[in-house]
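In: mind looking at a prediction? Sequence and model below.
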Amino acid sequence: MKTKTQLAAEARQSGRKFFAATCRRHGANSQHYVSAVMCKQCVSEQTKRYYSTPKGKAAAARQTAKRFGNEVDRYVYLMKCEIAGLAYIGSTTMAPSRRRIDNFNKLRSGSHHNPALQAAFDEHGEKSFSFEMLAHFPGQPEETLRQYEQFYLDAGEVRGLRLVNVKRASVAAPQR
Ligand SMILES: [Zn+2]
């Protein structure tokens with residue numbers, strides 16, 4: 001019987017990135033990485049464990065900062081329904097046009113994460129809704145954007161419309 005190292009070498013020679021072998025924890029025919037000679041599921045579990053430790057969390061934060069750091073354009077947008085008298089503020093690193101489409105698609109399919117916004121959409125329809133950019137932050141750290149968003153959330157309303165955001169921007173997961 002061939003060892004995993006032998007199987008990995010064979011797979012590498014034939015240009016494959018994975019090979020099948022028995023993993024003690026995940027059974028026969030488990031996919032293994034040629035590069036790590038390790039079962040995919042084992043690696044995934046190990047990664048998960050790592051990112052739950054303080055060291056892993058710090059590393060994840062650094063990676064996020066790098067990825068969504070100063071080179072990324074950020075936008076704060078406003079969705080409103082004048083008829084229902086409500087507004088929703090979000091922030092995104094997506095292109096505004098894409099974010100707009102994304103939001104409307106979710107509302108149309110009834111799967112928008114904000115219940116108040118969804119209810120207004122269902123009741124008053126798409127024509128009562130508008131989407132606009134409030135601010136553009138070219139090359140700003142995420143923190144700046146959060147503070148700006150928070151400013152509006154603290155005010156509780158935008159142009160006389162009730163804000164229906166439920167979470168504080170500082171703790172909410174970024175809407176990308
Ligand atoms: Zn395994």
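Out: Perfect, thanks for sending it.
In: can you list the residues of the chain near the ion?
Out: Proximity of the chain to the ion is assessed by Cβ under 5 Å from the ion, with C23, R25, H26, C39, Q41, C42 identified as the residues in range. The way it works is simple: take the backbone N, C-alpha and C, and place the C-beta from them, glycine included.
In: most neighbours of all those, which one?
Out: For those, counting by other Cβ atoms under 10 Å, the largest number of neighbours falls to C39: 23 neighbours.
In: which residues are in contact with it?
Out: For C39, the contacting residues are A21, C23, R25, H26, S30, Q31, H32, by Cβ atoms under 8 Å, 6 or more residues apart in numbering.
In: try 10 Å this time
Out: The neighbours of C39, taking Cβ atoms under 10 Å, 6 or more residues apart in numbering as the test, are 4, 20-27, 30-33, 45-46.
In: so what sits opposite the residue nearest to it when sequence neighbours are not counted in the bridge?
Out: Leaving out its chain neighbours, the residue that sits closest to C39 by Cβ to Cβ, 6 or more residues apart in numbering is C23, at 3.8 Å. Using DSSP bridges, the beta-bridge partners of C23 come out as G27.
In: surely C23 meets N29?
Out: Yes - checked against Cβ atoms under 10 Å, the pair C23 and N29 is within contact range at 9.1 Å.
In: in this protein, which helix or strand is least confident?
Out: Using mean pLDDT, DSSP states H and E, helix 142-155 stands out as the lowest-scoring helix or strand of the chain, at a mean of 78.
In: next SSE after that one?
Out: Once helix 142-155 ends, the next helix or strand along the chain (criterion: DSSP states H and E) is strand 157-158.
In: partner strands of that next one, parallel or antiparallel?
Out: Applying DSSP bridges to the sheet, strand 157-158 is found paired with strand 161-163 (antiparallel).
In: return the set of buried residues in the strand it pairs with.
Out: Of all the residues in strand 161-163, those buried under the rule 16 or more other Cβ atoms under 10 Å are L161, L163.
In: other residues contacting it?
Out: Contact partners of strand 161-163, identified using Cβ under 10 Å, 6+ apart, comprise 78, 80-82, 84-89, 116, 152-157.
In: on that earlier part again, name the helices or strands packed onto the least confident helix or strand of the chain?
Out: For helix 142-155, the packing partners by 3 or more Cβ pairs under 10 Å, 6 or more residues apart in numbering; DSSP states H and E come out as helix 54-67, strand 74-81, strand 86-92, strand 129-137, strand 161-163.
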